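1. here you go, sequence then predicted model.
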Amino acid sequence: MAAKEDRILLTHDVATITKYAYERIRAGKYMPGVIEVNRKVSIGLAVEEILFVAETCNHGELEGQIIYLPLTK
């Protein structure tokens, strides 16, 4: 559904979503992007980093990519 609506998926479900995202990429299907947020990341930092990604990436720039938050360790 996210791909049909050209939406980037935001999730905590690293175990499941990563697998499906890579399956779509391998199958040559459109995958607008995934942002995976580690459950240990504070809400404040997660919001900050999501906003950073949203403000610095152009439309389509995350296509076929998975970004893991936090961006730094």
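-> Received, thanks. Numbers count the residues shown, from 1 in each chain.
2. list of residues touching the lowest-mean-pLDDT helix or strand in the chain?
-> Least confident helix or strand of the chain, by mean pLDDT, DSSP states H and E, is helix 14-26 with a mean of 92. Applying Cβ atoms under 8 Å, 6 or more residues apart in numbering, the contact partners of helix 14-26 are Ala3, Leu9, Thr11, Tyr30, Met31, Val34, Glu36, Asn38, Gly64, Ile66, Tyr68. Just so you know, the C-beta spots here come from the backbone N, C-alpha and C atoms, and that holds for glycine as well.
3. among these, which two are most distant?
-> For these, the maximum inter-member distance is 26.1 Å, found between Tyr30 and Asn38 (Cβ to Cβ).
4. pLDDT below threshold where in the chain?
-> Residues of the chain meeting the criterion pLDDT under 70: 73.
5. ramachandran angles for the closest residue to Ala21 other than its chain neighbours?
-> Using Cβ to Cβ, 6 or more residues apart in numbering and skipping the chain neighbours, the partner closest in space to Ala21 is Val34 (4.9 Å). Per-residue torsions, Val34: phi -140, psi 140 (degrees, to the nearest 10).
6. would you agree Val34 is in contact with Tyr68?
-> No: the pair Val34 / Tyr68 is not scored as a contact, 9.2 Å apart, by Cβ atoms under 8 Å.
7. higher neighbour count, these two?
-> Legend: neighbour count by other Cβ atoms under 10 Å for Val34 and Tyr68, higher for Val34 (24 against 13).
8. now the helices for the chain?
-> For the chain, helices defined by DSSP state H occupy the ranges 14-26, 43-56.
9. of all the ones you listed, which lies closest to Thr72?
-> helix 43-56 (9.0 Å).
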